[in-house]
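1. Turn this into a structure:
(one chain, ligands or ions: 2)
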Amino acid sequence: MNTSVKSYKAQAAVVRQVGGPFTIESIDVAAPRADEVLIKMVGVGICHTDLVCRDGFPVPLPIVLGHEGSGIVEAVGDKVKKLKAGDHVVLSFNSCQSCPNCAKSLPAYCYNFLANNFAGVRPADGTTPLAQSGTMMHGQFFGQSSFATYAIAREINTVVVDDKLPLEILGPLGCGIQTGAGAAVLSLNMQAGETLAVFGGGAVGLSALLGARAIDAGMVIVVEPNAERGKLALSLGATHVINPKETTDVLGKIKELSGGGVNYAIDTTGIPAVMGVAIETMLPHGTLALIGVPPPDTNLPANLMSMLVRGVSVKYITEGDADPQTFIPRMLAWYQAGKFPFDRLISKFKFEQINDAAHATETGAAIKPVLVF
Ligand SMILES: [Zn+2]
Ligand SMILES: [Zn+2]
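-> Ligands and ions are numbered 1, 2, ... in the order given. The predicted model follows:
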């Protein structure tokens, strides 16, 4: 650590009011503490959660969001062991490393997940490394706040990657892509030849498809109303695409295509009626993984007797059950072997175009925007 440097000048996309916009402003980023890492950002993806927080999910304002960052380590604190200046890294979510689930390598279910990812401050002492004209600025979003030219992360949520890889597009592996691929490969533990129905062909749903393909799954059916995304799903290895605008009996169609049902289903839509259909698509002992954000105060429309006679399960999952330190390298190994073309989901924008990029994902024009610094 370079102790002579007290802070670094950075440009950050700041949210000052609920609903946005992001405004590019100059801020100061403090030098890393003993257990922290300073990263010069190279790229950052925009994830649905960034926009949910911009639009009112309770985070303190003003704040610097961003949680799919990639970059190069510039400085490390005295207690950091596995990282050094110059390392190429992908940032992921933060976890406490002291609760029972962190001890079981289930950091996505950290008992202190909200405090470590959404509080806008360091949970230990309520401070933040970000400031503007001497006034504290909220940061530490997912332990990174990577909508900025410099970010402070921790060793635990910083993953070293091969410096021959295209660093500027790797950030989404730390959240959206990990969430989808992890759902298929880790949460559902899909095996070669097993079958899957994915509801919703956005970044997370298509990443679930890519994960299933990477482990040589059998039939993968994607249900998606956007015809362009349906075409992309087919080109990424979906065996079938169902457009619910054209096929009213989606359940009947899945049963017909699969000869009675699929082993697993993943819902990325958060629409209760869709989840209800997803439950009915599964063969005995199937599991439905829920990822989509539902409207508040809604219940699952499911017939319990139908679930009982098939012994099907339903579970909500976070971050694809992934431990980023092991799963990000695994996805990159698939990518390097030509089995995980996640780059085809990505559209690049300049950092300064963050509001245009956010709009492009909201309209469906971009599946996974990545801001390049
Ligand atoms: Zn924990
Ligand atoms: Zn995310």
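
2. where does residue 295 land on pLDDT?
-> Predicted confidence (pLDDT) for residue 295: 88.

3. actually residue 25, not the one I wrote
-> For residue 25, pLDDT reads 98.

4. Show the contacting residues for it.
-> If a contact means Cβ atoms under 8 Å, 6 or more residues apart in numbering, then residue 25 has 11-12, 14, 132 as its contacts. All C-beta atoms are positioned from the backbone trio N, CA, C, and that covers glycine.

5. pretty sure residue 261 is touching residue 282, no?
-> Yes: with contact defined as Cβ atoms under 8 Å, residue 261 and residue 282 form a contacting pair (5.5 Å).

6. more neighbours, these two?
-> The residue with more neighbours, out of residue 261 and residue 282, is residue 282; 26 against 19, by other Cβ atoms under 10 Å.

7. The more buried one and residue 262, how far apart?
-> Between residue 282 and residue 262 the computed distance is 6 Å (Cβ to Cβ, to the nearest Å).

8. same question, residue 233
-> Distance, residue 233 to residue 262, by Cβ to Cβ: 15 Å.

9. Equivalent analysis for residue 125, please.
-> With Cβ to Cβ as the criterion, residue 125 and residue 262 are 49 Å apart.

10. So which of these two has more stuff around it?
-> Regarding residue 125 and residue 262, a neighbour count based on other Cβ under 10 Å identifies residue 262 as having more, with 24 against 7.

11. Now do the same contact list for the more buried one.
-> Taking Cβ under 8 Å, 6+ apart, one finds 195-197, 219, 221, 254, 281-283, 286 in contact with residue 262.

12. Among those residues, name the ones in strands.
-> 196-197, 221, 282-283, 286 (DSSP state E).

13. any idea which of the residues you listed is closest to ligand 2?
-> Ligand 2 has its nearest neighbour among the ones in strands among the contacts of residue 262 in residue 196, at 21.7 Å by Cβ to the ion.

14. can you give me the helices in the stretch 101-250 of the chain?
-> 113-117, 176-182, 203-214, 227-235, 250-258 (DSSP state H, counting those that start in this stretch).

15. quick one, which of those helices is nearest to ligand 1?
-> Among the helices of the stretch 101-250 of the chain, the nearest to ligand 1 by Cβ to the ion is helix 113-117 (7.2 Å).

16. Might you report the residue contacts of the nearest residue in space to residue 82 that is not next to it in sequence?
-> In this structure, residue 82 finds its nearest non-sequential neighbour in residue 155, 6.2 Å apart by Cβ to Cβ, 6 or more residues apart in numbering. Taking Cβ under 8 Å, 6+ apart as the criterion, residue 155 is in contact with 35-37, 80-83.

17. Turn the residues you listed into CSV, including distance to residue 274.
-> Shown next, in CSV, are the contacts of residue 155 (distance: Cβ to Cβ, whole Å):
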residue, distance to residue 274
35, 42
36, 41
37, 40
80, 44
81, 46
82, 42
83, 42
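
18. what about burial for the residues you listed, which qualify?
-> By neighbour count, with 16 or more other Cβ atoms under 10 Å, the contacts of residue 155 hold 36-37, 80, 83 as buried.

19. Please work out which residue of the stretch 251-373 of the chain is closest to ligand 2.
-> Ligand 2 sits closest to residue 319 of the stretch 251-373 of the chain, with a gap of 8.1 Å, by Cβ to the ion.

20. Quick check, that residue in contact with residue 108.
-> Yes: the pair residue 319 and residue 108 passes the contact test of Cβ under 8 Å, sitting 3.8 Å apart.

21. So which of these two has more stuff around it?
-> Higher neighbour count among residue 319 and residue 108: residue 319, with 27 against 24, using other Cβ under 10 Å.

22. and that one, what is it in contact with?
-> Residues counted as contacts of residue 319 (Cβ under 8 Å, 6+ apart) are 92-93, 107-108, 175, 178-179, 182.

23. nearest to residue 247, of those residues?
-> Checking the contacts of residue 319 against residue 247 with Cβ to Cβ, the nearest one is residue 179 at 26.8 Å.

24. Chain neighbours aside, what residue packs nearest to that closest one?
-> Leaving aside its chain neighbours, residue 179 sits nearest to residue 320 (4.6 Å; criterion: Cβ to Cβ, 6+ apart).

25. Am I right that that neighbour sits in a helix?
-> Yes: Residue 320: assigned to a helix according to DSSP: H, G, I helix; E, B strand; the rest coil.

26. Mean confidence (pLDDT) on stretch 338-350, please.
-> 98.

27. Mind listing the shared neighbours of residue 319 and residue 108?
-> Common neighbours of residue 319 and residue 108, counting by Cβ under 8 Å, 6+ apart, are residue 93.

28. for the closest residue in space to residue 132 that isn't next to it in sequence, helix, strand, or coil?
-> Leaving aside its chain neighbours, residue 132 sits nearest to residue 27 (5.0 Å; criterion: Cβ to Cβ, 6+ apart). Here residue 27 takes the strand state, with states given by three-state DSSP.

29. Please tell me I have it right and residue 27 contacts residue 8.
-> No: between residue 27 and residue 8 there is no contact under Cβ under 8 Å: 9.4 Å.

30. Alongside ligand 1, which residues does the stretch 1-150 of the chain contribute?
-> Counting by Cβ under 5 Å from the ion, the positions of the stretch 1-150 of the chain adjacent to ligand 1 are 95-96, 99, 102, 110.

31. Report the two of those residues separated the most.
-> Maximum distance among these (Cβ to Cβ): 8.1 Å, for 95 and 99.

32. neighbour-wise, which of these two wins?
-> Legend: neighbour count by other Cβ under 10 Å for residue 95 and residue 99, higher for residue 95 (26 against 16).

33. so that one touches residue 116, yeah?
-> Yes: under the criterion of Cβ under 8 Å, residue 95 makes contact with residue 116 at 5.9 Å.
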